[in-house]
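>>> okay, predicted coordinates and the sequence, questions at the end:
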Amino acid sequence: MKAVCKYCGAKLTTGNKSGTNNHRNHIAEYCPKISTEDRKRFLDAVKKHSLEGPFTFDPRKSRELMIEWCISAEVPFNKFEDPKFEPWMESLQPTLESIGRQTIRNDCVSMFQRIKDDLRTELQSTNSRIYFTSDLWTSNQKLGYICLTAHYIDPNFVLKKKIIAFKDVKYPHNGLAIQEAITTCLIDYGIKEKMFTITLDNAGNNKTACDLLQESGKANLSFGGQHLLVRCCAHILNLLVQDAINVANSVIEIIRDLVRHINSSPSRIQAFNEIVERECFPTKAGLVLDVPHHLNSTHDMILEVVEYKIVLKRYATAQQQPVPEDEEWSKAELVGDFLGGFCSCYKVVLSQ
């Protein structure tokens, strides 16, 4: 029995005892009909397989990895119906079936459900109490969402943190609505009786929600729920700093309005950049506009406007906009230095 090379027609020894080394050597070195590009691709494939072992295509494994990539990279489902997607997949592995957006969506939901079931089992089987952190977030559409994170110690004494819910909260966002959202999640995972404490910010509706949680689960809470609510240190720190910088609130408002004026249209950004280029500064696609009551964003805004102080003065004069006086600029710089130290503390607190 002989093996025939499909490129040059050479006959090679074959059989159970002869192996395939002579076949690979023929393609890698001797066959005169194989192009340099095909030979290089073959050698790269042989090198990879020799390091990782023989490759066996598993369509189920490939599909599972595709789902994980889709979730991790936040790929829109309609991208799987792009006309260039299927030819690309076929070039990698012809036997891998192309799937549509509805199938990929169903696979993502199924994977989420499997992971959720595993997490539910893990949380229910843990012997430790579970500590929760939560925050309420409002979208651009003015819709309220609550995020609930569980912190617990596994049997190997490893501290774990898992987001167990990110769900909408019905309006109005009062204490009852927050308590119902948290309770529904705890019941869904079957861990209501494992609750230890929960960290929330200092809003009044959060205090009301904790009072309702304590009232409904007093028998299962440690110390009857007396220490259920832990006030967020990051929020307290932010309140302290916001109160302190009220002495410079007027200059910060002037800076904020000026930045908002520049960012409001492409023509104004262009006018700003024309002055920037004349002053030999790097051009900007837009200036940093802070989020009020977020000290780190206010710090970033002040740092940038102080750097572009000369440009902002000339822009404000040309556009007839209010601009801080020299004394107010000095006050803004002091506020920026003041916020810098607290921003470092703020990041440390949030990382805990």
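Cool, got the structure.
>>> list the residues that contact T138.
Neighbouring residues of T138 by Cβ atoms under 8 Å, 6 or more residues apart in numbering: G144, Y145. For the C-beta atoms, the positions are set from N, CA and C on the backbone; glycine is no exception.
>>> give me the distance between it and P292.
14 Å (Cβ to Cβ, to the nearest Å).
>>> list residues touching both of those two?
Common neighbours of T138 and P292, counting by Cβ under 8 Å, 6+ apart, are absent.
>>> which one is Y171 nearest to, not counting chain neighbours?
Among residues not flanking Y171 along the chain, G144 sits closest, at 6.6 Å (Cβ to Cβ, 6 or more residues apart in numbering).
>>> for burial, what's the neighbour tally of that neighbour?
Using other Cβ atoms under 10 Å, G144 is surrounded by 18 other residues.
>>> now it: how far from L136?
With Cβ to Cβ as the criterion, G144 and L136 are 6 Å apart.
>>> shared neighbours, these two?
The contact lists of G144 and L136 share V169, H173, where a contact means Cβ under 8 Å, 6+ apart.
>>> so C8 belongs to a strand, correct?
No - applying DSSP: H, G, I helix; E, B strand; the rest coil, one finds C8 to be coil, outside a strand.
>>> phi first, then psi, for it.
phi -110, psi -10 (degrees, to the nearest 10).
>>> secondary structure class for the residue nearest to it when sequence neighbours are not counted?
In this structure, C8 finds its nearest non-sequential neighbour in K33, 4.3 Å apart by Cβ to Cβ, 6+ apart. Under three-state DSSP, the three-state class of K33 is coil.
>>> toward the C-terminus, what is the element adjacent to the least confident helix or strand in the chain by mean pLDDT?
One helix or strand of the chain scores below all others by mean pLDDT, DSSP states H and E: helix 36-52, with a mean of 67. Counting by DSSP states H and E, the next helix or strand C-terminal to helix 36-52 is helix 59-72.
>>> identify the residues contacting that next one?
Contacting residues not belonging to helix 59-72 are listed as V75, F77, Q93, T95, L96, E97, I99, I104, D107, C108, M111 [Cβ under 8 Å, 6+ apart].
>>> so what's the first one closest to, chain neighbours aside?
Take V75 and drop its neighbours on the chain: the residue closest to it by Cβ to Cβ, 6+ apart is W69, 7.3 Å away.
>>> wait, isn't the residue nearest to C8 in contact with K6?
No - counting by Cβ atoms under 8 Å, K6 is not a contact partner of K33; they are 9.2 Å apart.
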